[in-house]
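Visitor: 3D, please:
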Amino acid sequence: MLTELKITDFAGELGSSKPAPGGGSASALAGALAASLVKMVAQLSGEGWDELIARAQRLTDQLLHLTNRDTDAFNQVMAALKLPKGTEEEKRERRRMLRQANRLATEVPLQVMEFSLQALALAREVAFRGNKNCLSDAGVAGLMAAAACKGAAYNVLINLPGLRGEEEFVASARERMAEILEDVQILESTIAAHVAQALG
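Guide: Residues are numbered from 1 along each chain as shown. From the prediction side, this is the model:
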């Protein structure tokens with residue numbers, strides 16, 4: 001479990017010659033850190049933040065889970081690629097397993113985008129209404145949540161070509177990804193402008 005490693009060990013795994021963990025897990029972790037920062041700012045902002053704090057904690061937990069899940073999904077793709085393809089039956093089974101693994105490897109970063117977008121929306125809320133002394137922290141939460149969304153989008157895109165025969169799913173994934181990225185652009189720029197103006 002990546003999330004059970006010390007930070008130094010996680011960084012070591014990320015920087016190793018192994019292909020996973022990679023950008024997908026890093027994006028999910030960035031989203032989890034963003035949600036944690038949101039929670040911190042909310043907790044330092046007085047009363048009335050209990051619901052947002054609970055939501056931020058749920059997002060942290062979900063994104064940490066996806067940090068592990070992304071690497072698992074990649075490993076399933078690699079395992080499918082190694083399946084035998086000597087007979088027609090083996091080829092069919094290999095194609096089926098590969099399509100299934102590629103679909104999972106697409107669904108996981110889409111989930112990272114969904115949850116990180118929610119964290120970004122919460123970052124906007126604490127940036128505008130939270131403790132002014134924590135505004136820089138709220139700004140960092142916004143940056144990391146946006147980066148998580150954009151990074152996960154790359155992982156969606158790289159897996160879509162492996163989903164031949166699933167045109168409806170591919171089209172749906174592209175549409176949702178574009179919607180999320182549009183929302184990210186608006187929220188990220190709104191937070192950045194507010195922080196820049198307030199901090200001078």
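Visitor: Let me know the next secondary structure element after the longest helix along the chain.
Guide: In terms of residue count, the longest helix belonging to the chain (DSSP state H) is helix 88-129. Helices and strands here follow DSSP states H and E; after helix 88-129, the next one along the chain is helix 135-159.
Visitor: could you say which helix or strand contains residue 193?
Guide: helix 167-199.
Visitor: so how far is that helix from its chain's centroid?
Guide: In terms of Cα atoms, centre = their mean, to the nearest Å, the centre of helix 167-199 is set 13 Å apart from its chain centre.
Visitor: do stretch 19-37 as well
Guide: Using Cα atoms, centre = their mean, the mean C-alpha position of stretch 19-37 is found 6 Å from that of the whole chain.
Visitor: how about that stretch: buried residues?
Guide: Along stretch 19-37, the positions that meet the burial threshold by neighbour count (16 or more other Cβ atoms under 10 Å) are 20-21, 23-37. All C-beta atoms are positioned from the backbone trio N, CA, C, and that covers glycine.
Visitor: for stretch 132-147, same thing?
Guide: Along stretch 132-147, these residues count as buried under the neighbour rule (16+ other Cβ under 10 Å): 134-135, 137-147.
Visitor: again with stretch 71-87
Guide: For stretch 71-87, the buried set under the neighbour-count rule, 16+ other Cβ under 10 Å, comprises 71-74, 76-77, 80.
Visitor: what's the residue of the chain positioned farthest from its centre in contact with, if anything?
Guide: For the chain, the C-alpha lying farthest from the average C-alpha position belongs to residue 87; by Cα atoms, centre = their mean, that distance is 38.5 Å. Residues in contact with residue 87 (Cβ atoms under 8 Å, 6 or more residues apart in numbering): none are found.
Visitor: Show me the residue at the heart of the protein, geometrically.
Guide: residue 112 (3.0 Å).
Visitor: just checking, that one touches residue 27?
Guide: Yes: using Cβ atoms under 8 Å as the test, residue 112 is close enough to residue 27 to be in contact (5.7 Å).
Visitor: Just the pLDDT for the residue nearest to the centre of the chain.
Guide: For residue 112, the model assigns a pLDDT of 98.
Visitor: Please determine how far the residue lying closest to it once chain neighbours are set aside is located from residue 4.
Guide: Residue nearest to residue 112 in three dimensions, not counting chain neighbours: residue 152, with 4.0 Å by Cβ to Cβ, 6 or more residues apart in numbering. When distances are taken as Cβ to Cβ, to the nearest Å, residue 152 and residue 4 turn out to be 22 Å apart.
Visitor: Same question for residue 193.
Guide: For residue 193, the distance to residue 4 (Cβ to Cβ) stands at 39 Å.
Visitor: same thing with residue 161?
Guide: 33 Å.
Visitor: The helix or strand containing residue 54 - what's its average pLDDT?
Guide: With the criterion set as DSSP H and E, the secondary-structure element containing residue 54 is helix 50-81. For helix 50-81, mean pLDDT is 95.
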